[in-house]
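In: Need a 3D model of the sequence below.
(one chain, ligands or ions: 2)
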Amino acid sequence: MTHLVAPSVLSADFNNLERDAEMINNSEADWFHVDVMDGVFVPNISFGFPVIKALNKVATKPLDVHLMIVQPERYVNQFRDVGADVLTVHIEASTHLHRTVQAIKSAGMKAGVALNPHTSVSQLEDIVSDIDLVTLMSVNPGFGGQKFIENTYKKISDLVAMKTAANTDLHIEIDGGVTLNNYAKLVQTGADVLVAGSTVFSSSNPSQTIADLKQSVG
Ligand code: DX5
Ligand code: ZN
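Out: Ligands and ions are numbered 1, 2, ... in the order given. Prediction:
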């Protein structure tokens, strides 16, 4: 199966957001990964509705919105209204996760659940059949450019086993520290969506780097 690549807009040049969005549009990338941080759930603040709305005006590919915010259930419809196609909430920030997942799907989006590095995949056992995507955080959320946490491979394997046992279909997305050196092993282990921020935007040829990350893995 071919994997998807989702460049993270967090690492784009905000003085040239349209230019960077056009680069993604014209590249082999599949989705835009859009990181929303509230300064409470994570120790950083990124951007909110006006910026996502502006991005959505130029983006020709789906917006994969990753909410690193407390009480994400309060904003489901507003993220849909600014253009989110996939809406992912953190399990650690969601007291009533099942209700929130249903609200996201009722609003017409794909529903994702993100897990911090310390959160066991087993926590998903009673929701796995209800969701479209799991984001395994391979860094502690809050910042781009951090080092990949190796325990992520075990978590991918655990999630593949759970998915198979439940006979359900879902995307396994890896977020944080994805590089040209580890992407193949991630896909071989079972990941099918790769988020890449600094690897893409720190490279001298971002579009070519996206193509390199899209290379099929044997
Ligand atoms: C981290 C964000 C990531 C980040 C990834 O909290 O969720 O999406 O942009 O950046 P890199 O690829 O640089 O680790
Ligand atoms: Zn993210």
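In: so where is this protein shaky, pLDDT-wise?
Out: Along the chain, no part satisfies pLDDT under 70.
In: Return the residues of it in contact with ligand 1.
Out: 8, 10-11, 33, 35, 66, 139, 141-142, 144-146, 175-178, 195-199 (CB under 6 Å from any ligand atom). Heads up, the C-betas are built off the backbone N, CA and C, glycines and all.
In: one more time with 8 Å
Out: 8-11, 33, 35, 37, 42, 44, 66, 68, 137-146, 148, 175-178, 195-200 (CB under 8 Å from any ligand atom).
In: In the protein, what residue comes closest to ligand 1?
Out: With CB to the nearest ligand atom, the shortest gap between the chain and ligand 1 falls at residue 197, namely 2.9 Å.
In: so what secondary structure elements neighbour the longest helix seen in the chain?
Out: In terms of residue count, the longest helix belonging to the chain (DSSP state H) is helix 152-166. Applying 3 or more CB pairs under 8 Å, 6 or more residues apart in numbering; DSSP states H and E, one finds that helix 152-166 contacts strand 133-137, strand 171-175, helix 183-189.
In: Is it possible to get JSON lines of these that adds distance to ligand 2 and mean neighbour count?
Out: Below are these laid out as JSON lines (distance: least, CB to the ion, whole Å; neighbours: other CB atoms under 10 Å):
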{"stretch": "strand 133-137", "distance to ligand 2": "7", "mean neighbour count": "24"}
{"stretch": "strand 171-175", "distance to ligand 2": "4", "mean neighbour count": "25"}
{"stretch": "helix 183-189", "distance to ligand 2": "15", "mean neighbour count": "18"}
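In: Distance to residue 123 for the ones you listed - can I get that in a markdown table?
Out: Converted to a markdown table, the helices and strands packed on helix 152-166 look like this (distance: least, CB to CB, whole Å):
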| stretch | distance to residue 123 |
| --- | --- |
| strand 133-137 | 11 |
| strand 171-175 | 15 |
| helix 183-189 | 20 |
